[in-house]
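Engineer: Below: sequence and its predicted model.
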Amino acid sequence: MTTPSFVYTSVPQRVVFGAGSLQHLAREIDLLGARRALVLSTPEQRPQAERVADMLGAHAAGVFDRAVMHVPIETAREAREVAARLGADCAVAIGGGSTTGLGKAIALDSGLPILAIPTTYAGSEMTPIYGITEAGMKKTGKDFKVLPRTVIYDPELSLGLPVGMSVTSGINAIAHAAEGLYAVDSNPIMDLMAQEGIAALGRALPAIRATPKDPDARSDALYGAWLCGTVLGNVGMALHHKLCHTLGGSFNLPHAETHTIVLPHALAYNAEAAPQAMARIAKALGGSTAAQAVYDLARDNGAPVALRDIGMKESDLDLACEHALKNQYPNPRPLERDAIRALLQNAWEGVRP
Ligand SMILES: NC(=O)C1=CN([C@@H]2O[C@H](COP(=O)(O)OP(=O)(O)OC[C@H]3O[C@@H](n4cnc5c(N)ncnc54)[C@H](OP(=O)(O)O)[C@@H]3O)[C@@H](O)[C@H]2O)C=CC1
Ligand SMILES: O=C(O)/C=C\C(=O)CC(=O)O
């Protein structure tokens, strides 16, 4: 097989990985040249954020614990004001994609460096992509100002992530790698990362379901999330991410669950147009087809497999299909109205592809 032509751009980002690596926080803040870090979290994870602030001592400017899903503009403005008022010169985001997203909203406005400490597998910490919701519409964009400068991956911090969330969040990560394998701007480095990331999560999720506090499984999952998040940050996504963005944004469906349900059907849609990518996904997960392997991973580990079970109305499927077709975007198979409507129906019913 000949190596195709490609373009690969590497970005400056420091990753500190390993059980207990949170202990290096003060060193990492110092390396960023920061003196006053604003620690961000959701309201529920405030105790963890306070622990981080305690570790920083005099270098903590304060804790802002108002992160919520999809970064409402009002929350972003409030966080920006708090950061400015406290004289913060860095944001430390501890939590999932919602908290990292809030850090990105601050960085977009102020250029403050972000140190991210992810506790889910969504992968936002590895991307220059931001999302902000205004008047019910989520807008996403790309700006290297928001790419976290440093990421501390400490699997001990994800030991308490509930099993259900762990499985769906892990499949959210797999979705980044799966679409990366058939991206128009893919490259061999991302392909390697994608296949390795999918395999790591394919091993880790059943092990976490069996033993939620298994440190090796948590470590494997976070390793997979790092690789898959890197793929999301480096190459363009296609139909699957577009559908999930539409379903989450317009019908208020939960992010990771939506990814989990839609991915097998998006892969089935693209199967014939991207056979090599599908073969790599199936191999990484040990299944006969990519679509079935992802579906089985979700179903066998207790994740939802039908949109109707997470609040989607059947009567909204036509509108969802219209939204998905609104703007053209690269996808291995052309966007065909009837086939995409059928995809949504199958995802709504939860049939095995
Ligand atoms: N820009 C990008 O590149 C990307 C952005 N995203 C965005 O990120 C968001 C989704 O991120 P995701 O991580 O799925 O969701 P959240 O950050 O909303 O976290 C999901 C759930 O995980 C729980 N949780 C997180 N950490 C812990 C922990 N240590 N222990 C127990 N529970 C925990 C949270 O609980 P609690 O609420 O109690 O804190 C929350 O209920 C979406 O808005 C999505 O669009 C996702 C991927 C990439
Ligand atoms: O919507 C965003 O915040 C940006 C990207 C993603 O959420 C990626 C995804 O769909 O997981």
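Structural biologist: Thanks, I have the structure now. Ligands and ions are numbered 1, 2, ... in the order given.

Engineer: rest of the way, CA atoms for contacts and neighbours
Structural biologist: Noted.

Engineer: Tell me which residues touch G18, please.
Structural biologist: Y153, D154, P155, S219 (C-alpha atoms under 8 Å, 6 or more residues apart in numbering).

Engineer: The second one and T3, how far apart?
Structural biologist: Separation of D154 from T3 (C-alpha to C-alpha, to the nearest Å) stands at 36 Å.

Engineer: Looking at those two now, which is surrounded by more residues?
Structural biologist: Neighbours were counted for D154 and for T3 using other C-alpha atoms under 10 Å; D154 has more, 23 against 7.

Engineer: mind checking pLDDT for the more buried one?
Structural biologist: In this prediction, D154 carries a pLDDT score of 98.

Engineer: ChimeraX command for the buried members of the contacts of G18?
Structural biologist: Selection of buried members from the contacts of G18 for ChimeraX, criterion 16 or more other C-alpha atoms under 10 Å:
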select :153,154,155,219
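
Engineer: which residues are there in the stretch 1-150 of the chain that come within reach of ligand 2?
Structural biologist: With C-alpha under 6 Å from any ligand atom as the criterion, the stretch 1-150 of the chain meets ligand 2 at residues I129, Y130, G131, T140.

Engineer: pLDDT averaged over the helix or strand that contains the third one, what's the number?
Structural biologist: I take that to be G131. G131 is located in strand 129-134, with elements delineated by DSSP states H and E. Confidence for strand 129-134, expressed as mean pLDDT, is 95.

Engineer: what helices or strands is that strand leaning on?
Structural biologist: helix 73-85, helix 97-110, strand 137-142 (3 or more C-alpha pairs under 8 Å, 6 or more residues apart in numbering; DSSP states H and E).

Engineer: residue in the stretch 51-200 of the chain nearest to ligand 2?
Structural biologist: Using C-alpha to the nearest ligand atom, G131 is the residue of the stretch 51-200 of the chain that sits closest to ligand 2, at 3.9 Å.

Engineer: Number of residues surrounding the closest residue to ligand 2 within the stretch 201-350 of the chain?
Structural biologist: Going by C-alpha to the nearest ligand atom, ligand 2 is nearest to H241 of the stretch 201-350 of the chain, at 5.2 Å. If you count neighbours by other C-alpha under 10 Å, H241 ends up with 19.

Engineer: Got the phi and psi for it?
Structural biologist: Here is the backbone geometry of H241 (degrees, to the nearest 10): phi -70, psi -40.

Engineer: Which helix or strand contains L222?
Structural biologist: Applying DSSP H and E, one finds L222 within helix 215-234.

Engineer: Go through stretch 187-205 and flag the buried ones.
Structural biologist: By neighbour count with 16+ other C-alpha under 10 Å, stretch 187-205 contains the buried residues 187, 190-191, 193-205.

Engineer: Residues touching it, excluding its own?
Structural biologist: 6-8, 166-167, 170-171, 174, 177-178, 180-181, 217-218, 220-221, 223-228, 230-231, 234-235, 280-281, 284-285, 297, 301.

Engineer: quick one on the thing from earlier: please convert the buried members of the residues of the stretch 1-150 of the chain next to ligand 2 into PyMOL selection syntax.
Structural biologist: In PyMOL syntax, the buried subset of these is picked out as below (16+ other C-alpha under 10 Å):
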select buried, resi 129+130+131
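
Engineer: Where does A284 sit: helix, strand or coil?
Structural biologist: helix (DSSP: H, G, I helix; E, B strand; the rest coil).

Engineer: which helices and strands does whichever strand or helix holds D338 pack with?
Structural biologist: Using DSSP H and E, D338 sits in helix 337-349. Secondary-structure packing of helix 337-349 (3+ C-alpha pairs under 8 Å, 6+ apart): helix 255-270, helix 317-325.

Engineer: Compare those helices and say which comes out lowest on pLDDT.
Structural biologist: Note on the helices and strands packed on helix 337-349: lowest mean pLDDT is at helix 317-325, with a mean of 95.
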